[in-house]
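K.L.:
Kindly return the folded structure for what I paste below:
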Amino acid sequence: LFRSATGSADRNVKIWGLDFGDCHRSLFAHEDSVMFLQFSPKSHLFFTAGKDRKIKQWDADRFEQVQTLEGHHLEVWCLAISPNGDYIVSSSHDKSLRLWERTREPLILEEEREMQIGRA
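P.N.:
Residues are numbered from 1 along each chain as shown. Presented below is the predicted three-dimensional model:
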């Protein structure tokens, strides 16, 4: 199933179907503006970059957040995903580039949610 997605200054990500105006879901994505969004190659997974200094991975089929990557000190402006999806490079207003590498460790969404709750 093909979907597209958009992010905006209202801090939300919208996941769209192919029909005009067919918004499948609107998700609260970041604590500040969504600056960039890109799908992983040949995948239903996508990443967003935000003014809140975070990069987040999303599942467009399940309409849920997969993980959060933190490390920049100011807003994240842009990111690029390698053709095989194993690497991400992100750029920030803090004048840094960060290289992120996908690990082969299984990511269990329930554990990620528990860690988010623990930080709140």
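K.L.:
so Y87 bridges to which residues?
P.N.:
E101 (DSSP bridges).
K.L.:
i'd like the first residue to be 20 from this point on
P.N.:
Happy to do that; since the first residue is 20 now, the last one works out to Y106.
K.L.:
contacting residues around it?
P.N.:
I100, L118, W119, E120, R121 (C-beta atoms under 8 Å, 6 or more residues apart in numbering). Using the backbone N, CA and C atoms, a C-beta is placed for each residue, glycine as well.
K.L.:
same check, this time on R22
P.N.:
I34, W35, G36, H43, H63, A79, D80.
K.L.:
List only those of those flagged as buried.
P.N.:
The neighbour-count criterion (16 or more other C-beta atoms under 10 Å) marks I34, W35, A79 among the contacts of R22 as buried.
K.L.:
Would you tell me which one of the residues you listed comes nearest to D51?
P.N.:
Taking C-beta to C-beta as the measure, D51 lies nearest I34 of the buried ones among the contacts of R22, at 20.0 Å.
K.L.:
Next, the closest one: secondary structure please.
P.N.:
Secondary structure assignment for I34 (DSSP: H, G, I helix; E, B strand; the rest coil): strand.
K.L.:
That one touches R44, doesn't it?
P.N.:
Yes: I34 is within contact range of R44, at 4.8 Å (criterion: C-beta atoms under 8 Å).
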